[in-house]
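**Student:** only geometry, no sequence info:
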């Protein structure tokens with residue numbers, strides 16, 4: 001609980017207001033714009049109050065992981081992929097996104113593990129085409145082939 005002096009402290013009040021404004025700005029950025037999100041997070045790094053809501057939201061981190069990986073920022077977003085899995089290890093979609101990032105960084109064994117988790121745990125009937133696609137990716141990765149051609153990455157971005 002905050003003390004009365006903390007509530008009355010104009011510096012603390014000002015920092016909280018700025019944090020809320022920045023947080024709202026970051027939340028307004030579509031997850032399909034990872035460069036803008038990464039730049040905003042970098043600017044916010046000095047203030048943990050700003051970053052806390054994002055670094056504790058596995059769905060936000062998952063969107064950043066997926067879109068950032070697809071758009072060529074995998075090296076910059078990979079830590080967020082890992083963080084999303086740490087926060088929600090049983091979420092098949094989050095594991096799927098990390099699988100993409102792992103495959104794009106050459107960690108085929110890790111990608112296979114994550115895609116297999118998606119296949120084994122995703123039960124929504126509407127996602128059957130994605131499950132079948134991941135099964136094919138697993139086959140390719142087990143054969144030592146990277147299925148993520150520029151054409152496939154472009155196709156995934158448009159979904």
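**Tutor:** Alright, I've got the coordinates. Bear in mind that the values here come from a model prediction, so they are computed numbers and not experimental data.
**Student:** residue 144 contacts residue 108, correct?
**Tutor:** Yes. Here residue 144 reaches residue 108: they are 7.1 Å apart, a contact under C-beta atoms under 8 Å. Quick note: C-beta positions are derived from backbone N, CA and C, even for glycine.
**Student:** contact partners of the helix or strand where residue 117 lies?
**Tutor:** Assessed by DSSP states H and E, residue 117 sits inside helix 108-121. With contact meaning C-beta atoms under 8 Å, 6 or more residues apart in numbering, helix 108-121 is reached by 90, 92-93, 95-96, 98-100, 102-103, 130-131, 134-135, 137-138, 141-142, 144, 146.
**Student:** filter those to the buried ones?
**Tutor:** Among the contacts of helix 108-121, those classed as buried by 16 or more other C-beta atoms under 10 Å are 92-93, 95-96, 98-100, 102-103, 130-131, 134, 137-138, 141.
**Student:** now intersect the residues you listed with the helices, please.
**Tutor:** Among the buried ones among the contacts of helix 108-121, DSSP state H puts 92-93, 95-96, 98-100, 102-103, 130-131, 134, 137-138, 141 in helices.
**Student:** many thanks, have a good one.
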